[in-house]
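In: show me how the following folds:
(one chain, ligands or ions: 2)
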Amino acid sequence: MAAGEAFSEIIDGDVYKYYADGRWQKSASGKFVPIINPTTRKTHFKVQACTQEEVNKVIETSKVAQKLWAKTPLWKRAELLHKAAAILKQHRDPIADCLVKEIAKPAKDAVTEVVRSGDLVSYCAEEGVRVLGEGKFLVSDSFPGNERTKYCLTSKIPLGVVLAIPPFNYPVNLAVSKIAPALIAGNSIVLKPPTQGAVAALHMVHCFHLAGFPKGLISCVTGKGSEIGDFLTMHPGVNCISFTGGDTGIAISKKAGMIPLQMELGGKDACIILEDADLDLAAANIVKGGFSYSGQRCTAVKVVLVMASVADTLVEKVNSKVAKLTVGRPEDDCDITPVVTESSANFIEGLVMDAKQKGATFCQEYKREGNLIWPLLLDNVRPNMRIAWEEPFGPVLPVIRINSADEGIHHCNASDFGLQGCVFTRDINKAILISDAMETGTVQINSAPARGPDHFPFQGLKDSGIGSQGITNSINMMTKIKSTVINLPAPSYTMG
Ligand SMILES: NC(=O)C1=CN([C@@H]2O[C@H](COP(=O)(O)OP(=O)(O)OC[C@H]3O[C@@H](n4cnc5c(N)ncnc54)[C@H](OP(=O)(O)O)[C@@H]3O)[C@@H](O)[C@H]2O)C=CC1
Ligand SMILES: O=C(O)[C@H](O)COP(=O)(O)O
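Out: Ligands and ions are numbered 1, 2, ... in the order given. Okay, the predicted model is just below:
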């Protein structure tokens, strides 16, 4: 069911339409993709399974719309984005409700995601006006052998059609973090939402529709990534891909053509705890960082590396906080809610069983009902266990006891991932040295990893990504530099 009158045109019967050429449309495939509610494990929504012909048409109209959009004054682009942000925030409740049903996001966090997304769009509009409103002026006589006969003017121009593919865990926020920078920079956008989260994304797209963007500029095609993903990412009409997700991103980067790629992939964010750390602060951050949204955040704390001398105290403090976490339905705003799919729950269980077989200490009893997995801290994890290296994307957190900071740094750097990490210590000098040594895109000192606030640069090293996100970096990434050189007949020196 569509939530409320404002969204009635985006659904036909019980199947949500896709958005192309400024209209909500039914796919000619006659097929739909079911969206399973992680809590009930029953089909909750249905979306169109778009065809390759429909993708071709979308990219064609997207190209035409982009040419006109690039000629739209920057202040007008910003004005429309501000309007979309306001409409999005106005409709936060029905959109948040979709997040609860599709991805089992706790009710309050779901509202926060939508509000944060509106703020991101507004900030992007403001930042874009400044970043794109400025270029460079260079003179030739700064390079040896030249007189001042050339003036070079540079500006930032759009790339064309940007393909945006966000993951299930932030289907609205990680969609607008691609859509808003693309649009302010004069690009058009084709969104392929994650299957789980597609309906929330379609509602969000409708807010942009209501804001009055030109037709064809924004499109949203639905379907399973495994079915239309390759066709989209290898499409010759696509000029840039901004992707957030798992290993799929590595495969995409090998198949995509010679176009700019922004890839935000998985992580195994390490939390290093030194002997002098504030253990209450560390424990609070480990629980928040490791278990919020049931560990389904790329920036979740995914391995704790604690000095053996303080490990017992830390584990005790973490356990007493884990005991207070509520477990249940997202509608009831529980801390721990069902993980997104049954296959995800099975994968997490596989990691837990491997750790059990290899002798990890279970701080809580392992408990699972359907997709719901109770929070679990695994102590005395060793490097031969899969959980020491793999990303569970669930409420299970390994603790490895270390005897030196170097051992912690070594474990962190031996990972194929390099998204974020954190270190807890009262010694700022040690914190800086460890931060510099950690091969990750960001290190947080005395706090858990986090992508937000959304204007901070956000990037992964190694298998965690290509390029950098954050509002300003995304705007820059979705543009190219264009130079115009004025050649003078004779050298000219100002006031000379
Ligand atoms: N670094 C970061 O910023 C973040 C990283 N992540 C990572 O994402 C993963 C979990 O998210 P999840 O959604 O399961 O990730 P996936 O990689 O499975 O999916 C991400 C997106 O890619 C789509 N997709 C799937 N196959 C293809 C394909 N062949 N071509 C193009 N697109 C495709 C999916 O669509 P469909 O749903 O239809 O399959 C979805 O929209 C974790 O590893 C996590 O660490 C998550 C959030 C942030
Ligand atoms: O997908 C994710 O996990 C997000 O990028 C995390 O965002 P946050 O750290 O701001 O919650």
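In: helices along the stretch 351-496 of the chain, start to end?
Out: 405-414, 428-437, 471-477 (DSSP state H, counting those that start in this stretch).
In: can you give me the neighbour number for the closest residue to residue 409 other than its chain neighbours?
Out: Of all residues not flanking residue 409 in the chain, residue 437 sits nearest, at 4.8 Å (C-beta to C-beta, 6 or more residues apart in numbering). Any C-beta I mention is one placed from the backbone N, CA and C, and that applies to glycine too. Counted with other C-beta atoms under 10 Å, residues neighbouring residue 437 total 17.
In: tell me the pLDDT of residue 437.
Out: pLDDT, residue 437: 98.
In: was I right about it contacting residue 407?
Out: No. In this structure residue 437 lies outside contact range of residue 407 using C-beta atoms under 8 Å: 11.9 Å.
In: for residue 398, what are its contacts?
Out: By C-beta atoms under 8 Å, 6 or more residues apart in numbering, the contact list for residue 398 reads 302, 303, 304, 355, 360, 378, 381, 385, 387, 388.
In: again, but for residue 74
Out: 128, 129, 132, 133, 184.
In: got the residues of the stretch 51-200 of the chain near ligand 2?
Out: Contact residues (C-beta under 6 Å from any ligand atom) of the stretch 51-200 of the chain with ligand 2: 169, 170.
In: may I see the helices of the stretch 351-496 of the chain organised as TSV, with distance to residue 231 added?
Out: Formatted as TSV, the helices of the stretch 351-496 of the chain follow (distance: least, C-beta to C-beta, whole Å):
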stretch	distance to residue 231
helix 405-414	37
helix 428-437	42
helix 471-477	24
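In: so which of these is nearest ligand 1?
Out: Across those, ligand 1 has its closest neighbour in helix 471-477 (12.0 Å, C-beta to the nearest ligand atom).
In: what comes up buried for the closest one?
Out: Within helix 471-477, the residues that qualify as buried are 471, 472, 473, 474, 475, 476, 477, counting by 16 or more other C-beta atoms under 10 Å.
In: what does stretch 109-129 give?
Out: Within stretch 109-129, the residues that count as buried by 16+ other C-beta under 10 Å are 109-111, 113-114, 116-125, 127-129.
In: measure how buried residue 482 is and give me the count.
Out: Every residue meeting other C-beta under 10 Å relative to residue 482 is counted, giving 11.
In: out of the contacts of residue 74, flag the one nearest to residue 6.
Out: Taking C-beta to C-beta as the measure, residue 6 lies nearest residue 184 of those, at 24.6 Å.
In: residues contacting the nearest residue to that closest one once chain neighbours are set aside?
Out: In space, and not counting its chain neighbours, residue 184 is closest to residue 128: 3.2 Å by C-beta to C-beta, 6+ apart. For residue 128, the contacting residues are 74, 77, 78, 81, 181, 184, 185, 475, by C-beta under 8 Å, 6+ apart.
In: next up, phi/psi of residue 43, please.
Out: Here is the backbone geometry of residue 43 (degrees, to the nearest 10): phi -60, psi 130.
In: the nearest residue to it once chain neighbours are set aside and ligand 1: what is the separation?
Out: Distances taken as C-beta to C-beta, 6+ apart place residue 34 nearest to residue 43, at 4.2 Å, with adjacent residues excluded. To ligand 1, residue 34 is 12 Å away according to C-beta to the nearest ligand atom, to the nearest Å.
In: mean confidence score for the strand or helix carrying residue 34?
Out: Secondary-structure element containing residue 34, defined by DSSP states H and E: strand 32-36. Taken as a whole, strand 32-36 has an average pLDDT of 98.
In: name the helices or strands packed onto that strand?
Out: Other helices and strands packing on strand 32-36, by 3 or more C-beta pairs under 8 Å, 6 or more residues apart in numbering; DSSP states H and E, are strand 43-48, helix 198-211.
In: spit out the contact partners of the residue most central in space within the chain.
Out: Among the residues of the chain, the one closest to the centroid is residue 174, at 4.4 Å (C-alpha atoms, centre = their mean). Counting by C-beta under 8 Å, 6+ apart, residue 174 touches 166, 167, 244, 264.
In: and ligand 1, which of those reach it?
Out: Restricting those to those touching ligand 1 (C-beta under 6 Å from any ligand atom) yields 167, 244, 264.
In: which strand residues bridge the last one?
Out: Beta-bridge partners of residue 264, counted by DSSP bridges, are residue 244, residue 465.
In: so it makes contact with residue 463?
Out: No. Using C-beta under 8 Å, residue 264 is not in contact with residue 463, being 11.4 Å away.
In: of these two, which one has the most company?
Out: Neighbour count, other C-beta under 10 Å: between residue 264 and residue 463, residue 264 has more, with 28 against 19.
In: and the next helix or strand past the helix ranked longest in the chain?
Out: Secondary structure of the chain per DSSP state H: the longest helix is helix 107-132. The helix or strand immediately downstream of helix 107-132 is strand 136-139, counting by DSSP H and E.
In: next, the buried residues of that following strand.
Out: Applying 16+ other C-beta under 10 Å to strand 136-139 flags residue 139 as buried.
In: could you do stretch 23-31 as well?
Out: 24, 25, 27.
In: one more: stretch 368-378?
Out: Going by neighbour count (16+ other C-beta under 10 Å), the buried part of stretch 368-378 is 368, 371, 372, 373, 374, 375, 376, 377, 378.
In: now do the end-to-end distance for that stretch.
Out: One end of stretch 368-378 to the other measures 16 Å (C-alpha to C-alpha, to the nearest Å).
In: swap in stretch 7-25?
Out: 14 Å.
In: over to stretch 457-474?
Out: Between the opening and closing residues of stretch 457-474 lies a distance of 9 Å (C-alpha to C-alpha).
In: contact partners of stretch 420-428?
Out: For stretch 420-428, the external contacting residues (C-beta under 8 Å, 6+ apart) are 267, 269-274, 276-278, 281-282, 285, 289, 299, 301, 412, 430-431, 434-435, 438, 440-450.
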